[in-house]
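# Everything below, folded, please.
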Amino acid sequence: MLKSIQYTEEEIIERILAGEKSLYEIIVRRYNPYLYKIGRSYNFGREDTEDLMQDTFVDAFKNLALFEGRSKFKTWISRIMLNNCYHKKEKLSYKNEIMKEIFDNSEPLFHQPDQATQQLVDKRELGQIIEAALLELPYYYRMVFTLREINGLNVSETSELLEISESNVKVRLNRAKSMLKKIISKSYEPEQLYNYNAIYCDPFTKRVMDIIEQL
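Just a heads-up that it's a prediction; the model follows:
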């Protein structure tokens, strides 16, 4: 296993473009969790999500020279994953959900405005409940919540990625929290939220790298 701590992201990309394909493993391992969460937020199961992740990593590798650094690499590769998810949904004849008018009148999750949502989702006892609750949300709310509170993108990055205004990001996030609050307050069970377990990470990374080495 390669140790990414030796290189900055810019150095990794430069070395990959210079021919050191093996360093792409660092990219794959680093962004496995982020892409996995996006796929699960689209309501895909683990196997379908892994297929989409594989396509995304291969697409990103093929187009790595086009990455100009004007946005974060996480935003760039997340956009590729979102596009792949969208096109898979289209192929499967999924209907797009209609965005309803929403208002910014929600309350903080669990009435704890001083505690970050990320801290809440990291608690094992809330994991399974939050995951189940997220799957009940309409896509537009679920995706904003995932990008902002689970993947750690800021308002500007989320706005750019989803091509909506920053005010819409804030409104949808607040609405998502309000909806989740009602569902989550019903019960609690242990599990990790959208966790890409290590038992999957290693074989998946090898699978992607085997493809990369053939390109």
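# Could you list the domains of the protein?
The chain breaks down into these domains under automatic domain parsing: 8-95+196-214, 109-184.
# Span of the first one from start to end?
End-to-end distance of domain 8-95+196-214: 25 Å, with C-alpha to C-alpha, to the nearest Å as the criterion.
# Residue 74 - how many residues pack around it?
Number of residues near residue 74 (other C-beta atoms under 10 Å) recorded here: 18. From N, CA and C alone the C-beta is placed, and that goes for glycine too.
# quick revisit: adding mean pLDDT, write the domains of the chain out as a markdown table.
Shown next, in a markdown table, are the domains of the chain (pLDDT from 0 to 100):
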| stretch | mean pLDDT |
| --- | --- |
| domain 8-95+196-214 | 88 |
| domain 109-184 | 77 |
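# For this structure, just list every one of the helices.
9-17, 24-41, 46-62, 73-91, 117-122, 124-136, 139-145, 155-162, 166-184, 198-214 (DSSP state H).
# re the thing from before, deepest-packed of the domains of the chain, please.
domain 109-184 (a mean of 18; mean count of other C-beta atoms under 10 Å).
# and the spatially most central residue of the chain, what does it touch?
Central residue of the chain (C-alpha atoms, centre = their mean): residue 38, 3.3 Å from the mean position. Applying C-beta atoms under 8 Å, 6 or more residues apart in numbering to residue 38 gives the contacts 78, 81-82, 85, 143, 146-147, 151.
# For it, give its distance to residue 16.
22 Å (C-beta to C-beta, to the nearest Å).
# try residue 23
From residue 23 to residue 16 the distance is 5 Å (C-beta to C-beta).
# Also residue 175?
40 Å.
# can you check residue 155 too?
The separation that residue 155 has from residue 16, given C-beta to C-beta, amounts to 30 Å.
# next one: residue 59
Counting by C-beta to C-beta, the gap from residue 59 to residue 16 is 14 Å.
# and if you look at residue 148?
Counting by C-beta to C-beta, the gap from residue 148 to residue 16 is 29 Å.
# Can you list phi and psi of residue 154 for me?
Main-chain dihedrals, residue 154, degrees, to the nearest 10: phi -80, psi 180.
# didn't residue 149 look like it was pressed against residue 173?
Yes - at 7.3 Å, residue 149 and residue 173 qualify as touching, with contact defined as C-beta atoms under 8 Å.
# Name all residues that make contact with residue 132.
Contacts of residue 132 by C-beta under 8 Å, 6+ apart are residue 183.
# That one and residue 53, how far apart?
22 Å.
# cool, and residue 66?
20 Å.
# cool, residue 142 as well?
18 Å.
# cool, and residue 13?
19 Å.
# Repeat that for residue 74.
Residue 74 is 14 Å from residue 53, by C-beta to C-beta.
# Now do the same contact list for residue 205.
Contacts of residue 205 by C-beta under 8 Å, 6+ apart are 25, 28-29, 32.
# so which of those residues comes closest to residue 49?
residue 32 (10.5 Å; C-beta to C-beta).
# out of the contacts of residue 38, what pair is the most spread apart?
85 and 151 (13.8 Å).
# I'd say residue 175 and residue 141 touch.
Yes - between residue 175 and residue 141 there is a contact at 5.7 Å, judged by C-beta under 8 Å.
# so what's residue 61 up against?
16, 24, 212, 215.
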